[in-house]
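*Asks:* need the 3D shape of this:
(one chain, ligands or ions: 1)
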Amino acid sequence: METVNQIIHAKWLITCEADNQVLENHALVIHDGKILNILPSDKATTLYQASDIQHFDHHTLMPGFINSHTHLAMNLFRGLADDLTLMNWLNHHIWPAEKKWVSDEFVYDASLFAMAEMIRSGTTCFNDMYFFLPATAKATHTAGIRGHIGITVIGFPTAWAQTSDEYIAKGLAFYNEYKNHDRITATFAPHAIYTETEETLIKIRDLAEEHDLKINMHVQETADEVNQSLAQTSKRPLRRLHDINFVSPRLIAVHMTQIDDEDLEIVAKTKPQIVHCPESNMKLASGSCPVQQFQSLGLNVALGTDGAASNNDLNMFGEMRSAAMHAKLITGNPESLAAKEVLTMATLNGAKALGIDHITGSLTVGKAADFIAINLDTIETLPLYHPTSQIVYAASRSQVTDVWVAGKQLMKNRQLLTLDEKELMKKARYWSQKIQET
Ligand SMILES: [Zn+2]
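*Replies:* Here you go, the predicted structure:
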């Protein structure tokens, strides 16, 4: 008998690998934070022993969700201003509130609060764009979650930095500090083409190449963004980005809701990663990301919630369901984005977009033990013919009972193990009172 750290038995196990197998009565064998074996439970019992053996007789194990686009600290602006156009919302509500409140302390408290919400809904990895990156990293380290933290660059001053050069310099210092952290990864995150100069984008392109970092950017999120670009330069944003060799597999193009034939030609050649944020796009009436068209060109499409101020949650169950429904509605075809494809977008495709599919994103021997248990034995999700369909179309985030990242358990039977829920709620009330008083 081989001694390992953990053996987790479950009724169902969804691998989210390319063939997306659903296994019955299997066990996940974990050692040193990695998946050592996946095999039938009865065999696991004869081959392995561990001090931590858990049984989930009514649950499905699957990889944790990867939320491929977040602004975590915006959780404390959730519900502050709703039902507005993107530019009205940004110019008159979000940017003034950020100018007044965003600080190292605010970002730490807000990010930790957001991480509690993510863990409680089965997310094990996020890809963030915000300010005060060390505060987000400190929260990530504490929470035990896996985090990609964007070196945000935006063409106006904030409490974090005054100029694009300062955003980049602070970002590179952050990258150097965290480059050897096993769960925290820096990326570049220029906000959008309308908030950056071409000169800065070229600088970011070269630095990202030099340090091998991904670049996140909101791209063609709204018709206004495209029209403004056409009025100023006679070119659409994607064309301008392509003309400076900015569009490549390194680029994580978020939203992409305003797409014409020329755009499709560009992405077919250059193969950027696409992040679809259906709920944010619907709430702000930004437009529709043509997921099927991108997929038919061989592009990788992942899923993200966007910030909680425009969603208004960090719930990948909602995002999966919205993505599936939205695809069927806009194509007029109910076969579009089947449940198992959406589940892959929320897991493995996120890992591919972030360039970490060799580390996480599926239950595969050798990958990190980043996984969750979902209880499907409830009034809401019985009878259980197909676990994948039930997860996408019927389950809610409160059915996630247990969460692990790199083999470390972060939630056990709905209790957070690394974070103090009561304390986080107290902090959220404290900040909301301060923000409301002004
Ligand atoms: Zn965003």
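
*Asks:* how about low-confidence regions in this protein?
*Replies:* 438 (pLDDT under 70).

*Asks:* so it: which segments form each domain?
*Replies:* 2-63+361-406, 65-354 (automatic domain parsing).

*Asks:* for the residue most central in space within the chain, what are its contacts?
*Replies:* Among the residues of the chain, the one closest to the centroid is residue 67, at 1.6 Å (CA atoms, centre = their mean). Counting by CB atoms under 8 Å, 6 or more residues apart in numbering, residue 67 makes contact with 118, 123, 125, 126, 127, 303, 304, 305, 314, 316, 319, 350. Just so you know, the C-beta spots here come from the backbone N, C-alpha and C atoms, and that holds for glycine as well.

*Asks:* is the third one in a helix, a strand, or coil?
*Replies:* If I follow you right, that is residue 125. With DSSP: H, G, I helix; E, B strand; the rest coil as the basis, residue 125 sits in strand.

*Asks:* tell me the phi and psi of the residue nearest to it when sequence neighbours are not counted?
*Replies:* Closest residue in space to residue 125, ignoring its immediate chain neighbours: residue 146 at 4.0 Å, by CB to CB, 6 or more residues apart in numbering. Residue 146 adopts backbone torsions of phi -100, psi 130, taken as degrees, to the nearest 10.

*Asks:* and if you look at residue 162?
*Replies:* According to degrees, to the nearest 10, residue 162 has phi -100, psi -40.

*Asks:* please apply the same query to residue 235.
*Replies:* Torsion angles, degrees, to the nearest 10, at residue 235: phi -130, psi 150.

*Asks:* what about the nearest residue to it once chain neighbours are set aside, which SS state?
*Replies:* Nearest-residue entry for residue 235: residue 229, 6.4 Å, with adjacent residues in sequence omitted and distances by CB to CB, 6+ apart. At residue 229 the chain is in helix, as set by three-state DSSP.

*Asks:* residue 229 and residue 258: what is the separation?
*Replies:* Distance of residue 229 to residue 258, given as CB to CB, to the nearest Å: 10 Å.

*Asks:* so if I had to pick from those two, which one is more boxed in?
*Replies:* More crowded of residue 229 and residue 258, by other CB atoms under 10 Å: residue 258, with 23 against 19.

*Asks:* that one - that's part of a strand, no?
*Replies:* No: Residue 258 is assigned coil when assessed by three-state DSSP, not a strand.

*Asks:* I'd say it and residue 222 touch.
*Replies:* Yes: using CB atoms under 8 Å, residue 258 makes contact with residue 222 at a distance of 6.9 Å.

*Asks:* coming back round to it: now render the contacts of residue 67 as a markdown table, adding distance to residue 141.
*Replies:* Below are the contacts of residue 67 laid out as a markdown table (distance: CB to CB, whole Å):
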| residue | distance to residue 141 |
| --- | --- |
| 118 | 15 |
| 123 | 17 |
| 125 | 14 |
| 126 | 14 |
| 127 | 17 |
| 303 | 25 |
| 304 | 22 |
| 305 | 22 |
| 314 | 19 |
| 316 | 22 |
| 319 | 26 |
| 350 | 21 |
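
*Asks:* of those, buried ones?
*Replies:* Among the contacts of residue 67, the ones that count as buried by 16 or more other CB atoms under 10 Å are 118, 123, 125, 126, 127, 303, 304, 305, 314, 316, 319, 350.

*Asks:* closest to residue 277 out of these?
*Replies:* Among the buried ones among the contacts of residue 67, residue 304 lies closest to residue 277 (CB to CB), at 4.8 Å.

*Asks:* name the element the closest residue in space to that closest one that isn't next to it in sequence belongs to?
*Replies:* Of all residues not flanking residue 304 in the chain, residue 69 sits nearest, at 2.8 Å (CB to CB, 6+ apart). Element membership for residue 69 (DSSP states H and E) is strand 65-70.

*Asks:* what about residue 235, how many residues nearby?
*Replies:* Quick note: residue 235 (other CB under 10 Å) scores 15 neighbours.

*Asks:* typed the wrong thing, it's residue 396
*Replies:* For residue 396, using other CB under 10 Å, the count is 15.

*Asks:* pretty sure it contacts residue 317?
*Replies:* Yes: counting by CB under 8 Å, residue 317 is a contact partner of residue 396 at 6.1 Å.

*Asks:* what touches both of those two?
*Replies:* By CB under 8 Å, 6+ apart, no residue touches both residue 396 and residue 317.

*Asks:* distance of residue 177 from residue 159?
*Replies:* 20 Å.

*Asks:* for residue 83, same thing?
*Replies:* 28 Å.

*Asks:* which of these two has more residues huddled nearby?
*Replies:* Set residue 83 next to residue 159 and count neighbours by other CB under 10 Å: residue 159 wins out with 16 against 8.

*Asks:* pretty sure that one sits against residue 100.
*Replies:* No: counting by CB under 8 Å, residue 159 stays clear of residue 100, with 9.0 Å between them.

*Asks:* partner strands of the strand holding residue 69, with direction?
*Replies:* strand 123-130 (parallel) (DSSP bridges).

*Asks:* and the next element down the chain from the partner strand?
*Replies:* Moving toward the C-terminus from strand 123-130, the first helix or strand encountered (DSSP H and E) is helix 133-143.

*Asks:* tell me how far that following helix lies from the chain's centre.
*Replies:* In terms of CA atoms, centre = their mean, to the nearest Å, the gap separating the centre of helix 133-143 from the centre of its chain is 16 Å.

*Asks:* same question for stretch 145-163.
*Replies:* 17 Å.

*Asks:* do me a favour and get the end-to-end distance for that stretch?
*Replies:* Start and end residues of stretch 145-163 are separated by 31 Å (CA to CA, to the nearest Å).

*Asks:* likewise for stretch 92-109?
*Replies:* End residues of stretch 92-109 are separated by 24 Å (CA to CA).

*Asks:* distance from that stretch to the middle of the chain?
*Replies:* Taking mean C-alpha positions (CA atoms, centre = their mean), stretch 92-109 and its chain are 21 Å apart.

*Asks:* which outside residues touch that stretch?
*Replies:* 73-74, 76-77, 80-81, 84, 130-132, 134-136, 138-139, 158-160, 309, 427-428, 431, 434-435, 438.

*Asks:* show the buried residues in those residues.
*Replies:* Buried, going by 16+ other CB under 10 Å: 73-74, 76-77, 80-81, 84, 130-132, 134-136, 138-139, 159-160, 309, 427-428, 431, out of those.

*Asks:* can you spell out which helices and strands pack onto the host helix or strand of residue 294?
*Replies:* For residue 294, the host element (DSSP H and E) is helix 291-296. In terms of contacts (3 or more CB pairs under 8 Å, 6 or more residues apart in numbering; DSSP states H and E), helix 291-296 is packed against strand 273-276, strand 301-303, helix 316-331.
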